[in-house]
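Chemist: sharing a model prediction with you, sequence too.
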Amino acid sequence: MDALSSALAVLTAMITPAVLISASGTLILSTTTRLARVIDRVRSLSADFEELAHGEGQMELKEERRALIFSLLDMLTSRARLLQRCMTVFYTSVGVFVLTSISIGIVAAIGGAQYTYWIPVALGLLGALCLSYGSTLLIFEARLAVRALGQEMDFIWKLGRALAPADLVQQHSPHHNRLTLRRHP
């Protein structure tokens, strides 16, 4: 019965990294989706910029539009780099958690000395640190996304005040719609 208990303990220990692999996979999936949205937005802004550069007609707030597009492209570049780094870190964590599971099995199979048990523990900690670092990077990326949204909304309110009828402008106020997470005006 002791051998069975030992085998079950090893299998249970090997399953724990699999749960963390699943968590890493979920983060990879959501990060990939976020990166795809950034890419789509860059393509959209590129088309807007071309239209702005080659447009013959009058356009309201043309210089402000140009400044906004450049600012948004700068933030999107930073977001794409952060998301790429996140994906690298999350893929690394998957690899480390797989190695953790393998090392648990190897240490149990060879019946290694007491000092060999630090290997799976160290790998597990490294994988957890990777998840933590990647999650922190996602926080920074989300803050950039909110800041970009705030800039875009500020421009839309400015454009709305310039184009909308005066009575409509007076009924609505952009200060009620400010994003409070922004640091920069």
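Modeler: Okay, I see it.
Chemist: and His47, how many neighbours does it have?
Modeler: Not quite, residue 47 is Ala, not His. For Ala47, the neighbour count with other Cβ atoms under 10 Å is 10. (C-beta placed from N, C-alpha, C; glycine too.)
Chemist: give me the buried positions along stretch 155-172.
Modeler: Across stretch 155-172, burial judged by 16 or more other Cβ atoms under 10 Å covers 155, 157.
Chemist: for it, what is the average pLDDT?
Modeler: What stretch 155-172 shows for mean pLDDT is 79.
Chemist: end to end, how far does that stretch reach?
Modeler: With Cα to Cα, to the nearest Å as the measure, stretch 155-172 spans 15 Å from end to end.
Chemist: and Phe70, what is it in contact with?
Modeler: By Cβ atoms under 8 Å, 6 or more residues apart in numbering, the contact list for Phe70 is empty.
Chemist: any idea which helix or strand carries it?
Modeler: Applying DSSP states H and E as the criterion places Phe70 in helix 62-110.
Chemist: phi, psi for the most centrally placed residue in the chain please.
Modeler: For the chain, the residue nearest the mean C-alpha position is Leu138 (3.8 Å; Cα atoms, centre = their mean). When quoted as degrees, to the nearest 10, the phi and psi of Leu138 stand at phi -60, psi -30.
Chemist: could you find the closest non-adjacent residue to it?
Modeler: Among residues not flanking Leu138 along the chain, Cys86 sits closest, at 5.7 Å (Cβ to Cβ, 6 or more residues apart in numbering).
Chemist: what's the neighbour count on that neighbour?
Modeler: 25.
Chemist: and the nearest residue to Ser101 once chain neighbours are set aside, how many neighbours?
Modeler: Spatial nearest neighbour of Ser101, chain neighbours left out: Pro17 (4.3 Å); criterion: Cβ to Cβ, 6+ apart. Pro17 has 24 neighbouring residues, counting by other Cβ under 10 Å.
Chemist: now Gly127: which helix or strand?
Modeler: Per DSSP H and E: helix 118-163 holds Gly127.
Chemist: name the next helix or strand downstream of that helix, please.
Modeler: helix 166-171.
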